[in-house]
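Q: I would like to see how this sequence folds:
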Amino acid sequence: MQTRSLLIEELNRIRRELTLMASMVEDDLGKALAYLREGNDELVTEVKESGKTVDALQLKIEDMALVLIATQQPVARDLRELIMVFKIASNLERIGDYGIHLVKTAKKMSGRAPLRSVERIELMAETGQSMLKAAFQAYLAQNADAARKAALFDDKIDFEHKALTSEVLSLMKKSPELVKTAAKLLKLSGFMERMGDHITGICEEVIYMTDGIHEELNK
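A: Predicted structure coming up:
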């Protein structure tokens with residue numbers, strides 16, 4: 001009984017660290033979105049510095065999970081959660097990286113033209129923020145249905161990515177002088193599309209953790 005209590009206590013510690021990591025990544029996406037709208041260079045520095053803390057948290061969480069597996073020998077659902085902790089932390093780290101890539105690439109992009117495409121990127125970042133929050137709430141609640149609902153946000157990101165790609169390719173043909181800016185827009189959009197895929201990965205991990213089934217979402 002004491003061993004079980006220790007396992008639960010340590011699992012809760014890991015959940016708290018993961019919650020901190022997810023919160024930081026979500027905040028960084030918000031700062032990246034604010035940079036797109038405001039162009040405040042201080043936000044670029046803040047997101048890059050936060051990324052270092054996120055990376056350190058990933059290593060800390062993975063170490064904690066590894067020690068818990070080795071010392072407590074969890075089984076069934078507890079073991080599945082600890083295995084998924086590694087994947088969730090990895091996905092959070094990658095999502096954080098895309099926030100950094102977003103502000104760094106946006107900083108290199110001169111001006112806001114073409115406006116509609118920038119608005120689409122802003123919408124993707126905003127949707128990604130909401131999607132990450134919903135996915136992590138599903139993890140904390142250990143609710144597979146909530147994870148499936150969170151994954152639906154990715155459809156909106158994919159729609160905007162496809163629309164932006166079509167618009168920008170058309171722009172490149174009509175205005176060759178904007179090719180460099182257009183290429184950066186495509187890069188930014190690609191970051192957001194892959195971000196959505198990583199959040200979907202978290203949703204899939206929640207489903208496996210809670211139900212013990214591998215379910216591919218948003219095929």
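
Q: Mind listing what's buried along the longest helix anywhere in the chain?
A: Criterion DSSP state H: the longest helix present in the chain is helix 2-38. Using 16 or more other C-beta atoms under 10 Å as the test for burial, helix 2-38 gives 7, 10-11, 14, 17-18, 21-22, 24-26, 28-36. Bear in mind the C-beta positions are built from the backbone N, C-alpha and C, glycine included.

Q: same check, this time on stretch 39-54
A: For stretch 39-54, by 16+ other C-beta under 10 Å, it's Leu43, Val44, Glu46, Val47, Ser50, Gly51, Val54.

Q: wouldn't the fifth one be in contact with Asp27 here?
A: Yes. Distance between Ser50 and Asp27: 7.3 Å, which falls inside the contact criterion (C-beta atoms under 8 Å).

Q: Tell me how many other residues crowd Ser175.
A: Residues lying near Ser175 (other C-beta atoms under 10 Å) number 13.

Q: And it, how far from Ala182?
A: Using C-beta to C-beta, to the nearest Å, Ser175 is found at 8 Å from Ala182.

Q: what do you get for Leu66?
A: With C-beta to C-beta as the criterion, Leu66 and Ala182 are 45 Å apart.

Q: Also Ala134?
A: 32 Å.

Q: next one: Arg148
A: Counting by C-beta to C-beta, the gap from Arg148 to Ala182 is 36 Å.

Q: Those two: which has the busier surroundings?
A: Ala182 (23 against 17).

Q: Just the buried residues of the helix or strand where that one lies, please?
A: In this assignment (DSSP states H and E), Ala182 forms part of helix 179-211. Buried residues in helix 179-211, counted by 16+ other C-beta under 10 Å: 181-182, 184-186, 188-196, 198-210.

Q: now the angle between helix 2-38 and the helix or strand that the longest helix of the chain is followed by, please.
A: Moving toward the C-terminus from helix 2-38, the next helix or strand (DSSP H and E) is helix 41-72. Relative orientation of helix 41-72 versus helix 2-38 (axes from the mean of the first three to the mean of the last three C-alpha atoms, to 10 degrees): 170 degrees.

Q: quick one: the residue nearest the centre of the chain from Gly201, how far?
A: With distances taken as C-alpha atoms, centre = their mean, Ile95 lies nearest the centre of the chain, 3.3 Å away. Distance of Ile95 to Gly201, computed by C-beta to C-beta: 9 Å.

Q: Met124 too?
A: Going from Met124 to Gly201 by C-beta to C-beta gives 17 Å.

Q: thinking again about what came up before, and the residue nearest to the centre of the chain, what does it touch?
A: Val25, Leu29, Gly128, Leu132, Met195, His198, Ile199 (C-beta atoms under 8 Å, 6 or more residues apart in numbering).

Q: next one: Leu185
A: Met109, Pro114, Ser117, Val118, Ile121, Leu164, Val168.

Q: Excluding covalently adjacent residues, which one is nearest to the fifth one?
A: In this case it means Ile121. Leu188 (5.1 Å; C-beta to C-beta, 6 or more residues apart in numbering).
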